[in-house]
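A.B. asks: Dropping the sequence and predicted coords here.
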Amino acid sequence: RQHNGPDAWCFFQEAMTHSARERLELEARLRQALAEGHLQLYYQPQVDIATGRITGAEALLRWLDPVEGLISPARFIPVAESSGVIGPIGEWVTREACAQGQRWREMGLPGITLAVNVSLHQFLLTDLVGSTQAALADAGFPAEQFELEITESALAQEPEQALQVLRRLRGLGLRLAIDDFGTGYSSLAHLKRFPLDVLKIDQGFIRDIPQSADDMAISAAVIAMGHSMGLTVLAEGVETAEQLEFLRARGCDHFQGYLCSRPLPAEGFEQLLRSSG
Ligand code: C2E
Ligand code: CA
Ligand code: CA
Ligand code: CA
C-alpha cells in the first residue's frame, strides 16, 4: 500500500467495490434466471472406448440470457458457489436431469447413465443426500443410472466429512465419480477410502497428447492406478483420433470430448443417441 501511494489504494478500494457490486448484480440476475426458466442443461456424450457406444452423458449447465445470450458456467458457477445460490440451482439441475433421463427411458432410447456436477458448497453445506433421493424418486429415474461428479479438490477439502456424505450417497444406489482428477492434490490414502466408481482424468492432461511425453506418462499412470483401485477410468477433453488411440492402447475405459461431440441441447443429444443406438 505504502509502496504504491495513497492514490493507488483509493483506486484499489474503488475496484473492490465495483467488483463486489458486480457480483451482487450477477447473483440477483442468476436467481431471476432460475425463477424465469432461463437455465438449461446441455448433454455431452460419454463413450465406451472399446465398443464406440454412447453409455452416458454429462449434464452441463447453460444460462440463456434474453439480452446477453449464452453465458458460460465458468463465469457464473463461481459466483453461484460463493453466494450459495448454487444450492437451489444444483437441486434444479438434478431434478431436470432425472426428468430428462426418465423421458428418454420412456421413449425406449438406449439406456445411459446421466452424470451431474456437484459443487463444494452443495456437497458440504446442503442436504445433498435428501435432495438427490427426492429428485430420483419424484422422476422415477433409477439410481443405478445416475452419477454425481465431485471434484478432487472438493473431496480433499474436508476428507472425513466427505467420506460420510459419499457413503450415504452410495447407499442410495447411485454412482460416484471423482472429477478433474490430477488437479486437486488429494492424498492417495484418502482416495483409497472413498467409495468411488469412476475416475475422470482432467482434460489438462489430455490436451497436449501426443506432444507432451510427461502428460502421456501421467495419463498412463492414472489409468493404471484407477484400475488397480477398481475404478472405471474416463478421459475428458478428447479432441483428436491420436489422443483416443493413445487412451485405447493404455486401456482407458471411456472418453468424453469434442472428438465425439460438444455438449448438446436435449433434442440434439437425443438425435445423436438414436442414430448411434
Ligand atoms: P467440468 O465438469 O470439468 O466439465 C467439462 C468441461 O469441459 C465443460 O465445460 C465441457 O463443455 C468442456 N469440454 C468437453 N469436451 C471438451 C473438449 O474436447 N475440449 C475442450 N476444450 N473442452 C471440452 P463447460 O460446459 O463450460 O463447464 C465448465 C465447468 O462448469 C464444468 O467443468 C463444471 O466445473 C462447471 N459446471 C457446469 N455445469 C455445472 C453444474 O450443473 N453444476 C456445477 N456445480 N458446476 C457445473
Ligand atoms: Ca464434470
Ligand atoms: Ca472435469
Ligand atoms: Ca474442470
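C.D. replies: Structure's in. What do you need? Ligands and ions are numbered 1, 2, ... in the order given.
A.B. asks: Contact residues of this protein facing ligand 3?
C.D. replies: Contact residues, the chain versus ligand 3 (Cβ under 5 Å from the ion): D179, D180. All C-beta atoms are positioned from the backbone trio N, CA, C, and that covers glycine.
A.B. asks: now do 6 Å
C.D. replies: Counting by Cβ under 6 Å from the ion, the positions of the chain adjacent to ligand 3 are D179, D180, K200, D202, E236.
A.B. asks: Dihedrals phi and psi, the residue lying closest to the last one once chain neighbours are set aside?
C.D. replies: In space, E236 comes closest to Q203 once its chain neighbours are excluded; the distance is 4.3 Å by Cβ to Cβ, 6 or more residues apart in numbering. When quoted as degrees, to the nearest 10, the phi and psi of Q203 stand at phi -60, psi -20.
A.B. asks: Please verify my assumption that Q203 contacts L234.
C.D. replies: No - counting by Cβ atoms under 8 Å, Q203 does not reach L234; the two are 10.9 Å apart.
A.B. asks: Of these two, which one has the most company?
C.D. replies: L234 (29 against 17; other Cβ atoms under 10 Å).
A.B. asks: Confirm that the more buried one sits in a helix.
C.D. replies: No - counting by DSSP: H, G, I helix; E, B strand; the rest coil, L234 is not found in a helix; it is strand.
A.B. asks: Correct me if wrong: it contacts D253.
C.D. replies: Yes - applying Cβ under 8 Å as the test, L234 and D253 come out as touching, 6.5 Å apart.
A.B. asks: Excluding chain neighbours, what is closest to the spatially most central residue of the chain?
C.D. replies: Taking Cα atoms, centre = their mean, the centroid of the chain lies closest to N117, which sits 3.6 Å from it. In this structure, N117 finds its nearest non-sequential neighbour in E149, 5.0 Å apart by Cβ to Cβ, 6+ apart.
A.B. asks: Thanks a lot, catch you later.
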